[in-house]
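Asks: compute the structure for the input listed below.
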Amino acid sequence: MYSINRYSYLHNYFSDLSPRLLNRCVDRALGFVTDVHDLEPPFNRLCSEQPNIPEQNLDLLHRPIGFGRWAMPKLRHDLSNKDEYVVICALETIMELVIDPEKAFEAIKLKIIERMVNLLMAENPVIRERTAMALWSLAKLTKAREMIAANKELLRNISVCVEDQYEEVRLHIAKLLQTVSEFWKVADELIEFGFISILLHILQDKEEKYIILIHLRTLQSLMYSIQGKMFAIDNGGFDILLEFLRDENTHIISEALSCIAQLTSTCVGEKLAREKNLMNILNTLLHDERPEVHTNAASVIMFSTVKATGKLMAAEHPTMVPRLMALAQNRLNPSTQMFSIKALTNISENPKIRKIMNQEYSHELALIQVGDDPDIKTWKDQLMGVIGWVP
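Replies: The predicted structure is shown next:
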């Protein structure tokens, strides 16, 4: 929700127009989604937009609030209570208290994470959901991530809940996995447990798009090492990710391309890219106007054109070089510029493309503005050196 006066500069020039109307016009011109709650005067939301399993007779104002030195021990004891209402209230309280890092470390020291292991398998879906949310709050600390990954029984329960019948439980388990996998030391343990194959299996099923998006980001974290990349390739991850390139969701396409870029950075992944004729799809996505899509498409092209076969396949697409040249001049997006320049450097090692670059684009290359980034400047100089090379 934004202030109604956020475009007050325009309000002074168009005082005869309604501020709400002017705000909606500017939002549409900028491609922003107008918030339905952005009214005059604005009012606060009555409920969260995040899916949540409702629980009857749960009075948040009268749940056991813990203060002082006995707060966490009391809540730890309440997690083992036979009354489900008391357990839910304790989980709600823990979720709020561990926002404070000091309280979070106290919860870790009292081994509250171990007390939550069996709660993930509770029959009541509300308990499963609140447990996942509490673990996610704790997982923001590195020590908690290590404890979660070291507990094999907890990982086993997470692998079951990731396919829970309730969408709300699956969402918060997905967020928990994403947060835990972002720590590289823990990612290795998740790979050994088999979470890559579990996530790839889920991606093949009909899952909600926002959960798919979280799983794709988790895969990126798990594939940081060669072990994770090879594990994904061996489990058919390349073909599964290719299917997401046909999706209409911008973010899903972008995240899928990021995953494919990691796979094509390996020799096996690069070979698969040639066998699947990935260059045709990448050329289409490269001409997409969405920045997230064409940036990640350029990154995959960069990895796919390292070897001679990839350079030859890129040379078969006459529209690829002009598009990469246009993106290389986008100094406002360093990532796009970097990937485009590196892709052009690889492709220009092909004599046919090098001749075209010399005849048609040598002047434009010299005028490319690279800003203050020394790395991009170095890559531009490398590109100029490749183009000017005479055998």
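
Asks: center of this structure - which residue?
Replies: In the chain, the residue lying closest to the centroid (CA atoms, centre = their mean) is Arg217, at 3.7 Å.

Asks: so that residue makes contact with Gln178?
Replies: Yes - the pair Arg217 / Gln178 is scored as a contact, 5.6 Å apart, by CB atoms under 8 Å. Where you see a C-beta, it was placed from the backbone N, CA and C, and this is true even at glycine.

Asks: and for Arg156, the neighbour number?
Replies: 14 (other CB atoms under 10 Å).

Asks: the bottom helix or strand of the protein by mean pLDDT?
Replies: Ranking every helix and strand in the chain by mean pLDDT, DSSP states H and E puts helix 8-13 at the bottom, with a mean of 74.

Asks: hang on, the earlier thing: tell me the pLDDT at the residue nearest to the centre of the chain?
Replies: pLDDT for Arg217: 94.

Asks: could you do the one 5 residues further on as well?
Replies: In the predicted model, Leu222 carries a pLDDT score of 94.

Asks: spatially nearest residue to it (excluding sequence neighbours)?
Replies: Sequence neighbours aside, Gly228 is the residue nearest to Leu222 in space, at 4.8 Å (criterion: CB to CB, 6 or more residues apart in numbering).

Asks: quick one: the one you found and Ile196 touch, right?
Replies: Yes - contact criterion CB under 8 Å: Gly228 and Ile196 qualify, at 6.4 Å.

Asks: now do the helices in the stretch 151-300 of the chain.
Replies: 152-161, 167-181, 184-193, 195-204, 209-222, 226-234, 237-244, 250-264, 267-275, 278-286, 291-304 (DSSP state H, counting those that start in this stretch).

Asks: got JSON lines for these, with distance to Val386 too?
Replies: Putting the helices of the stretch 151-300 of the chain into JSON lines (distance: least, CB to CB, whole Å) gives the following:
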{"stretch": "helix 152-161", "distance to Val386": "48"}
{"stretch": "helix 167-181", "distance to Val386": "37"}
{"stretch": "helix 184-193", "distance to Val386": "34"}
{"stretch": "helix 195-204", "distance to Val386": "37"}
{"stretch": "helix 209-222", "distance to Val386": "30"}
{"stretch": "helix 226-234", "distance to Val386": "28"}
{"stretch": "helix 237-244", "distance to Val386": "29"}
{"stretch": "helix 250-264", "distance to Val386": "21"}
{"stretch": "helix 267-275", "distance to Val386": "20"}
{"stretch": "helix 278-286", "distance to Val386": "20"}
{"stretch": "helix 291-304", "distance to Val386": "14"}
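
Asks: now for those, which one comes closest to Leu141?
Replies: helix 167-181 (10.0 Å; CB to CB).

Asks: gap between the closest one and the chain center?
Replies: 13 Å (CA atoms, centre = their mean, to the nearest Å).

Asks: the residue nearest to Leu222 and Asp234, how far apart?
Replies: 11 Å (CB to CB, to the nearest Å).

Asks: one more: Lys352?
Replies: Lys352 is 36 Å from Asp234, by CB to CB.

Asks: which residues in the stretch 1-150 of the chain form helices?
Replies: Going by DSSP H, counting those that start in this stretch, the stretch 1-150 of the chain shows helices at 8-13, 19-30, 71-78, 84-97, 101-109, 112-115, 125-138, 142-150.

Asks: could you identify which of those helices is most buried?
Replies: helix 125-138 (a mean of 24; mean count of other CB atoms under 10 Å).

Asks: residues making contact with that helix?
Replies: The contact list for helix 125-138 (CB atoms under 8 Å, 6 or more residues apart in numbering) reads 52-53, 55, 84, 87-88, 91-92, 94-95, 98-99, 104, 107-108, 112-113, 116, 119-122, 144, 148, 161, 164, 166, 168-169, 172-173, 175-176, 179.

Asks: what's the answer for stretch 198-212, then?
Replies: 159, 162-163, 167, 170-171, 174, 177, 215-216, 218-219, 222, 232, 235-237, 240, 244, 249, 252.

Asks: of these, buried ones?
Replies: Buried members of the contacts of stretch 198-212, counted by 16 or more other CB atoms under 10 Å: 159, 162, 170-171, 174, 177, 215-216, 218-219, 222, 232, 235, 237, 240, 244, 252.
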